[in-house]
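Student: I would like the atomic coordinates for the input below:
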Amino acid sequence: MNNPSHYQSAFFDALDARDDVDLQVRYFQGVPGDRAAEGWNSDHADKLFEGFVGDETDPSCIAGLVPDWQHRVHLISSNFNAALVDYFCASRVKWCHWSEMPGIRLAEVLDYQMDLYRILRPLMLAARRKAWQPVREHAWGAFAQGILAENSFKVLGIPDRKIRELYYTPAALPALDPSNAVAMFARGRKVFLSVGALCKRKGIDVLLKAFARLHTDDWCVVLCGLDKTDGAYHALAAKLGIADRVLFLGAYPAARIAEVYAAADVFVLSSRFDGWGAVLNEAASLGMPLIGTDLCGASWHVVEPGSNGFRVRAGSVKDLAKALQAYVDDPGLLESFGAVSKALFFQELSPERNAERMVEALQAWSGQ
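Tutor: Residues are numbered from 1 along each chain as shown. The predicted structure is shown next:
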């Protein structure tokens, strides 16, 4: 793994708790500074199955940091450390690829012009087929973080028999008292909540423009995340005439983020691109109605349109405004949709269910 993450730790704990799994996890680095600034805990305490690669770069030495590495099944993104993947191939050990859908770099280069992205993405995948040859020919299997990743893998030439889905599955958030800052700002109004960095990729401008189209004074927006635009979204809210209905909460400690969710009514992931989007999992665990975009992996698994939320076209102000307005027009959706979210989380999105999903896939591949 690249670094410790509270979005992964519960999944690893669930694997470690199984009698049929002997887990070892190695991280290539600690929590990056930008993640710490966003509220991640940078003081990671190693568990018995965890360790760090440190400054080691030689693939044979990295592999040797894991006991009995020749006899284990290794999970790694083939894009993350190609040299280590090549070493696994040459050593003829069992290894599996695991990643989100490719495409984030293309989206960045295009400055998140998503209509153009949708046109060029198939060409990008075709150009990358050669780079994915080790997965096609040598990997035991390929774990896809959702249907969007799975569809990408197929375009990259990975056989259906090698593909299984494996998600980000953070633990259910605890039931904490609502954030006083959010409650004082809302003053009885209902709250649309977004959690994540304030940047173009996260579609914050789309959310603000969509909210400005609503016909209501009974709702407000809370943006919880590190501002990476030097105040550009504050200026946009003022220009749209909604500054008094938007709270810029800033970054919030991950250990207390449940306070913010508890103070809100509907969770919105307006990203133009997100390989997964674990914040949707978190919101679902607390029984929140949802909105997610169609270029977020989690939107296809955590959001069930018409049952617990709405899935909208990434980058579309019109589509997002329509989804927001649906909640404004029918407050009864909050309770019914929220109940479905919570049930879905514990049935299909818990860390324990994900551990079961992974073991089932490995057992299937072992019988090929």
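
Student: Test my guess that residue 2 contacts residue 25.
Tutor: No. Between residue 2 and residue 25 there is no contact, the gap being 11.4 Å when judged by Cβ atoms under 8 Å. C-betas here are computed from N, CA, C, even on glycine.

Student: quick one: which of the two has more around it?
Tutor: For residue 2 versus residue 25, the count of surrounding residues by other Cβ atoms under 10 Å is larger for residue 25: 19 against 11.

Student: I would like the residues contacting the one helix or strand in the chain whose mean pLDDT sits lowest, please.
Tutor: Taking mean pLDDT, DSSP states H and E as the measure, the helix or strand of the chain with the lowest value is helix 33-37, at a mean of 78. Outside helix 33-37, the residues that touch it by Cβ atoms under 8 Å, 6 or more residues apart in numbering are 3, 42, 226, 251.

Student: same thing with stretch 57-64?
Tutor: Judged by Cβ under 8 Å, 6+ apart, the contacts made with stretch 57-64 from elsewhere in the structure are 26, 53, 56, 69, 81, 83-84, 86-88, 91.

Student: 10 Å instead?
Tutor: Outside stretch 57-64, the residues that touch it by Cβ atoms under 10 Å, 6 or more residues apart in numbering are 26, 28, 53-54, 56, 69-70, 72, 74, 81-88, 90-91, 93.

Student: and the residues you listed, which are buried?
Tutor: Neighbour counting by 16 or more other Cβ atoms under 10 Å classes 26, 28, 53, 69, 72, 74, 81, 84-85, 87-88, 93 among the contacts of stretch 57-64 as buried.

Student: Pull the most distant pair out of the residues you listed.
Tutor: The largest separation in the buried ones among the contacts of stretch 57-64, counting by Cβ to Cβ, is between 28 and 93 at 18.5 Å.

Student: Go ahead and confirm residue 1 touches residue 49.
Tutor: No. With contact defined as Cβ atoms under 10 Å, residue 1 and residue 49 do not form a contacting pair (11.7 Å).

Student: The two: who's more crowded?
Tutor: Neighbours per residue (other Cβ under 10 Å) separate residue 1 from residue 49, with residue 1 holding more: 18 against 15.

Student: how near is the residue nearest to the more buried one when sequence neighbours are not counted to residue 155?
Tutor: In space, and not counting its chain neighbours, residue 1 is closest to residue 27: 5.3 Å by Cβ to Cβ, 6 or more residues apart in numbering. Plainly put, residue 27 is 30 Å away from residue 155 if you go by Cβ to Cβ, to the nearest Å.

Student: what does residue 30 give?
Tutor: Residue 30 sits 35 Å away from residue 155, taking Cβ to Cβ as the criterion.

Student: And residue 92, by the same measure?
Tutor: With distances defined as Cβ to Cβ, the gap from residue 92 to residue 155 amounts to 28 Å.

Student: who has more neighbours, these two?
Tutor: When neighbours are counted by other Cβ under 10 Å, residue 92 and residue 155 differ, and residue 155 comes out ahead with 16 against 9.

Student: Count the residues that sit near the nearest residue to the more buried one once chain neighbours are set aside.
Tutor: Leaving aside its sequence neighbours, residue 155 sits nearest to residue 125 (Cβ to Cβ, 6+ apart; 4.6 Å). Neighbour count for residue 125, taken as other Cβ under 10 Å: 21.

Student: sorry, back to before: now restrict the contacts of helix 33-37 to buried residues only.
Tutor: By the neighbour-count criterion of 16+ other Cβ under 10 Å, the contacts of helix 33-37 include these buried positions: 3, 226, 251.
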